[in-house]
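Visitor: what's the 3D shape of this:
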Amino acid sequence: MDKYITTPITAEIAGNLKAGDYVYLTGTMYVARDAAHKRMIEALERGEGLPIAIENATIYYMGPSPAREGRPIGSAGPTTATRMDKYAPTLLDMGQKAMIGKGKRSKAVMDAIVRNQAVYFAAVGGAGALLSKCITKSEIVCYEDLGAEAIRKIEVKDFPVIVVADAEGNNLYEEAVKEIL
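Guide: Numbers count the residues shown, from 1 in each chain. As a prediction, the model looks like this:
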């Protein structure tokens, strides 16, 4: 079922999404990959706050390429999500509600999704040029020294994703295998 959602994503919104739903996101998201996630967790371990508002946040695991003239961002395809698995449960427990990436997630992440009424979306790998057309604004908000791995705040319009893991623990990857077998 196609659903159109405006961020921020709350527990109520996440609770209404089911594995397999096609979703078009509009609103504000953050972009962060493993180097930025590592820094955020290290900041927390030092007793510092996070550089972004994590409550009800959506984080897109993506490292953009340089923007072409007249565009806010270059190619914007998803990164493999497992690279963030050691950091994601902490951020979910702090209130993050949505993640976008590609590939499977660990049991710890799946448990944190259910525990926190969150959602994991997949974006289509290999479609970065197409996905970038849905990004209307991009700005680095912190960790600029990380280059492509800096944390960005982006604005999106009808950004296409698929619900892979829903707040009830349903996992599209596992369900698809069962259907095939």
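Visitor: for this protein, which segments count as helices?
Guide: With DSSP state H as the criterion, the chain has helices at 11-15, 34-45, 88-93, 107-115, 128-132, 172-180.
Visitor: give me whichever of those is most buried.
Guide: For these, the largest average neighbour count (mean count of other Cβ atoms under 10 Å) is found in helix 88-93, namely a mean of 21. Every C-beta, even on glycine, is put in place using the N, C-alpha and C of the backbone.
Visitor: can you list the weak-confidence ranges in the protein?
Guide: 1, 176-181 (pLDDT under 70).
Visitor: show me where it has strands.
Guide: For the chain, the strands defined by DSSP state E occupy 2-6, 22-31, 58-60, 98-101, 119-122, 135-142, 151-165.
Visitor: and Gly49, which of these is closest to it?
Guide: Closest to Gly49 of these is strand 135-142 (Cβ to Cβ; 11.5 Å).
Visitor: ok, back up a step: can I get the strands of the chain in JSON lines with mean neighbour count and distance to Pro72?
Guide: As requested, the strands of the chain are arranged in JSON lines below (neighbours: other Cβ atoms under 10 Å; distance: least, Cβ to Cβ, whole Å):
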{"stretch": "strand 2-6", "mean neighbour count": "13", "distance to Pro72": "19"}
{"stretch": "strand 22-31", "mean neighbour count": "19", "distance to Pro72": "12"}
{"stretch": "strand 58-60", "mean neighbour count": "26", "distance to Pro72": "14"}
{"stretch": "strand 98-101", "mean neighbour count": "27", "distance to Pro72": "17"}
{"stretch": "strand 119-122", "mean neighbour count": "26", "distance to Pro72": "21"}
{"stretch": "strand 135-142", "mean neighbour count": "16", "distance to Pro72": "4"}
{"stretch": "strand 151-165", "mean neighbour count": "21", "distance to Pro72": "8"}
